[in-house]
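[1] here's my sequence, what's the structure:
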Amino acid sequence: MSLETAKPISKLQIYAVQILFAVSISVGYQGVSFDGVDDAQKWLLIIARYTVYLYLIRGTGVLVALSHNAFRFKQPLNFHKLYRQHQKDWLIFAGALATLVFRKQKVFGPDFVFLFAAKLVTDYTEMEKQSKTVTYGTGMACSFFEGYLTHVIPSDGHRFVGFAENIRVFEQNEGVVFPVKRLFIVVTKSLYCPPDLKLFNKDRPGLSYIEACKSLEDVMKDVAGVKNRTYRNSAYKIHRANKPPVYLAVECATPIHTLHLVLKNRTLYDELDGIDEAEVVRDFTGMLRSIIAKSPECQNRCEIVYYDNTDPDQNLADVLLDKIRELQPDFEDIIRGEAN
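    A predicted model of the protein is given here:
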């Protein structure tokens, strides 16, 4: 069998071997006896007790992580979602606990403390390994940066003049001004990314709304065997009541759009079942901000904008205007100066 066709051992295969190993030890160990009903019930209660122990120990770690996220990101604990994601675990825990209660057994004993301490000792050696694990959102951010932003933001010194200069060319050709010459990258809470950002407009009188303009000049590059691959950024303008429009370059984060499509077809991607969308978005935005801040070519050229498109009171045009105002407080003067 070649290396390309060889399949790694599955979790089910590992689990089966571990069961055989446990059975072998049980059979070979003279202190284990299943001669009668009482012996079988005794070992059933022991297994039930240690099952409760292990789930409680695991649950403390999950509770700490959830509480941290709830406090840091101001998100309430979604117990319904938590149950749905770990339904089998809840059922096994409840069954083991019910067995102890029904047989009038103590749930806790002194061995719980010893098992907890031993688990903490073994977990300590795994902390460094886990910290190096690349999460789904982190990988998406790295791929988005290297596979897209590095092609549309910095100048290649040859065919592409760079994002900032591309905006200046657009301004000269169209007679408009971009108060902030950055690429605004919208990350939505629901992961949904429409083909046109105008679909995020709210149909209410007097409310600002966004409209697509011409695209910036195409970026042509030879990438990974693809000749003259085309990259394109879109220009939009925000219409405001009794004020001149505000121009900007803005688009949704395509990896978020891809993830949304993946999760719509869960039957094709069993490995992603139970994925935490909010966690992926946090990892993606956090890692992407970190990469951009460390990149001399891209820092101050990209701006990530989080948009809660599930909130009926939030309007993307106003969210973008708030971000522009934050980055360029005198943007109104810049627009008026160009208009005059």
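[2] distance between the longest strand along the chain and the chain's centre?
    Assignment by DSSP state E gives strand 243-252 as the longest strand of the chain. Offset of strand 243-252 from its chain centre (CA atoms, centre = their mean, to the nearest Å): 27 Å.
[3] disregarding residues adjacent in the polypeptide, which is nearest to residue 93?
    Distances taken as CB to CB, 6 or more residues apart in numbering put residue 55 closest to residue 93, at 4.4 Å, once the chain neighbours are dropped. Just so you know, the C-beta spots here come from the backbone N, C-alpha and C atoms, and that holds for glycine as well.
[4] tell me where the model's unsure across the stretch 1-150 of the chain.
    Scanning the stretch 1-150 of the chain for pLDDT under 70 picks out the ranges 1-10, 25-39, 68-83, 85, 127-134.
[5] in terms of pLDDT, where does the residue nearest to residue 300 when sequence neighbours are not counted sit?
    Closest residue to residue 300 apart from its sequence neighbours, by CB to CB, 6+ apart: residue 182 at 7.1 Å. If you check residue 182, the pLDDT there is 94.
[6] what do you get for the one 3 residues further on?
    At residue 185, the predicted lDDT confidence score is 96.
[7] wait, is it part of a strand?
    Yes. Under DSSP: H, G, I helix; E, B strand; the rest coil, residue 185 sits within a strand.
[8] so it touches residue 306, yeah?
    No. The pair residue 185 / residue 306 is not scored as a contact, 9.9 Å apart, by CB atoms under 8 Å.
[9] please identify the helix or strand for residue 321.
    Here residue 321, judged by DSSP states H and E, is contained in helix 316-327.
[10] quick one, that helix and strand 243-252 angle?
    100 degrees (axes from the mean of the first three to the mean of the last three CA atoms, to 10 degrees).
[11] can you pull the buried residues of helix 316-327?
    The neighbour-count check on helix 316-327 (16 or more other CB atoms under 10 Å) flags 316, 317, 318, 319, 320, 321, 323, 324 as buried.
[12] give me the contact list for it.
    179-180, 182, 184, 186, 197, 200-201, 207-210, 238-240, 246, 248, 250, 303, 305, 307, 309, 331 (CB atoms under 8 Å, 6 or more residues apart in numbering).
[13] if we use 10 Å, what do you get?
    Helix 316-327 has contacts (CB atoms under 10 Å, 6 or more residues apart in numbering) with 178-180, 182, 184, 186, 188, 197-202, 207-211, 236-240, 246, 248, 250, 300, 303-309, 315, 331-332.
[14] selecting buried members of those in ChimeraX, what would you type?
    Filtering the contacts of helix 316-327 down to the buried ones (16+ other CB under 10 Å) takes a single ChimeraX command:
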select :178,179,180,182,184,186,188,197,200,201,208,209,210,236,237,238,240,246,248,250,303,304,305,307,309,315,331
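[15] what secondary structure does the most centrally placed residue in the chain sit in?
    Most central in the chain under CA atoms, centre = their mean is residue 280, positioned 1.0 Å from the mean C-alpha point. Assigned by three-state DSSP, the conformation of residue 280 is helix.
[16] list the residues that contact it.
    Here residue 280 is in contact with 135, 136, 137, 138, 139, 140, 191, 255, 256, 259, 263, 272 (criterion: CB under 10 Å, 6+ apart).
[17] so how far is residue 281 from the fourth one?
    When distance is defined by CB to CB, to the nearest Å, residue 138 is 12 Å away from residue 281.
[18] comparing the two, which shows the higher neighbour count?
    residue 281 (22 against 18; other CB atoms under 10 Å).
[19] quick check: that one touching residue 287?
    No. Between residue 281 and residue 287 there is no contact, the gap being 11.0 Å when judged by CB atoms under 10 Å.
[20] wasn't residue 165 part of a helix?
    Yes. The assignment for residue 165 is a helix, going by three-state DSSP.
[21] how about the secondary structure of the closest residue to it other than its chain neighbours?
    Among residues not flanking residue 165 along the chain, residue 155 sits closest, at 7.0 Å (CB to CB, 6+ apart). Here residue 155 is coil, with the state taken from three-state DSSP.
[22] neighbours of residue 260, how many?
    16.
[23] ah, wrong one, I meant residue 335
    19.
[24] just how off-centre is the helix or strand in which residue 263 is found within its chain?
    According to DSSP H and E, residue 263 maps onto helix 254-264. With CA atoms, centre = their mean as the basis, helix 254-264 stands 11 Å off its chain's centre.
[25] since that was my last question, I'll sign off now.
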